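Trainee: Would you be able to build a 3D model of this:
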Amino acid sequence: MLHRIFIAINLPERIKEKLLEYKNKWPELPARWTTKENLHLTLAFLGNTSDQELVEVCALLERVGERHNPFSLAFTKITYGPLRLRPGQAPKMIWAIGEKSTELLALQNDIGETPEHEASPLRQGSSEASQPFSPHLTLARLKTFELQRMELEEIPDISEEISLSFEAQSMEIMESQLKRSGSQYTVLQSIPLGNN
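Mentor: Here you go, the predicted structure:
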């Protein structure tokens, strides 16, 4: 059986609630806001993963987790995403931008460079990402057709400085299932950071 797998850091309830309060600031914006339970910071997307590969992923990530201590994870801005838009390209999402701390980048890099197995599912998944790691949360997906029908002056300028942080103590192996109501995410295993 194949599973759509990704590795993420989940957020405390208080951080999720604070972030989703911003949807009240732009009620005129045609957007589908992420549900509270689906807010997470993706570290790596592995895609279709077999049961056997999933066992290997869990074992490899436990070793990765032991090499990294808990660290502070901060979000500093809410803006349209993706950040690098081509001329004439409309934004597709609203993002909360995460700080590229040394600890976060080291953890994300370690996931993609598991030296134990050259052909591991972790290494395969990380090679698919052509873009450099840009830590962000997807707060909302814009309804492109409705957005295009709005006058330019009606579209709010979203560039909100924020200061939200928490201590990341674990990373999670998550499964994504596509439902009629949208993607549903399930935590398959929580991997603690450090030797605790």
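Trainee: Quick one: residues contacting the closest residue to Met93 other than its chain neighbours.
Mentor: In space, Met93 comes closest to Gly81 once its chain neighbours are excluded; the distance is 4.3 Å by C-beta to C-beta, 6 or more residues apart in numbering. C-betas here are computed from N, CA, C, even on glycine. Neighbouring residues of Gly81 by C-beta atoms under 8 Å, 6 or more residues apart in numbering: 91-95, 136, 138.
Trainee: So which of those residues are in strands?
Mentor: 93-95, 136, 138 (DSSP state E).
Trainee: Name whatever forms a beta bridge with Arg141.
Mentor: Note on Arg141: beta-bridge partners Arg32, Met93, judged by DSSP bridges.
Trainee: Count the neighbours of it for me.
Mentor: The number of residues packed near Arg141 is 15, by other C-beta atoms under 10 Å.
Trainee: Quick check: it touching Ala31?
Mentor: Yes: applying C-beta atoms under 8 Å as the test, Arg141 and Ala31 come out as touching, 6.5 Å apart.
Trainee: which residues touch Gln148?
Mentor: Ala90.
Trainee: Tell me where the protein has strands.
Mentor: 2-10, 31-33, 40-50, 71-81, 93-98, 136-142, 159-168, 170-179, 182-192.
Trainee: now those as CSV including mean pLDDT?
Mentor: Shown next, in CSV, are those (pLDDT from 0 to 100):
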stretch, mean pLDDT
strand 2-10, 94
strand 31-33, 91
strand 40-50, 93
strand 71-81, 95
strand 93-98, 94
strand 136-142, 93
strand 159-168, 96
strand 170-179, 92
strand 182-192, 91
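Trainee: Can you lay out these as a markdown table showing distance to Leu107?
Mentor: A markdown table is the format used below for these (distance: least, C-beta to C-beta, whole Å):
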| stretch | distance to Leu107 |
| --- | --- |
| strand 2-10 | 9 |
| strand 31-33 | 28 |
| strand 40-50 | 7 |
| strand 71-81 | 8 |
| strand 93-98 | 12 |
| strand 136-142 | 16 |
| strand 159-168 | 8 |
| strand 170-179 | 7 |
| strand 182-192 | 11 |
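Trainee: Let me know the average pLDDT across the longest helix along the chain.
Mentor: Of all the segments of type helix in the chain, defined by DSSP state H, the longest one is helix 51-66. If you average the pLDDT over helix 51-66, you get 93.
Trainee: roughly how far is that helix from the heart of the chain?
Mentor: Between the centre of helix 51-66 and the centre of its chain there are 19 Å (C-alpha atoms, centre = their mean, to the nearest Å).
Trainee: ok, now stretch 152-159?
Mentor: 25 Å.
Trainee: Can you give me the end-to-end span of it?
Mentor: 16 Å (C-alpha to C-alpha, to the nearest Å).
Trainee: contacts for it?
Mentor: Contacts for stretch 152-159 (C-beta under 8 Å, 6+ apart): 26, 28-29, 77-80, 94, 147.
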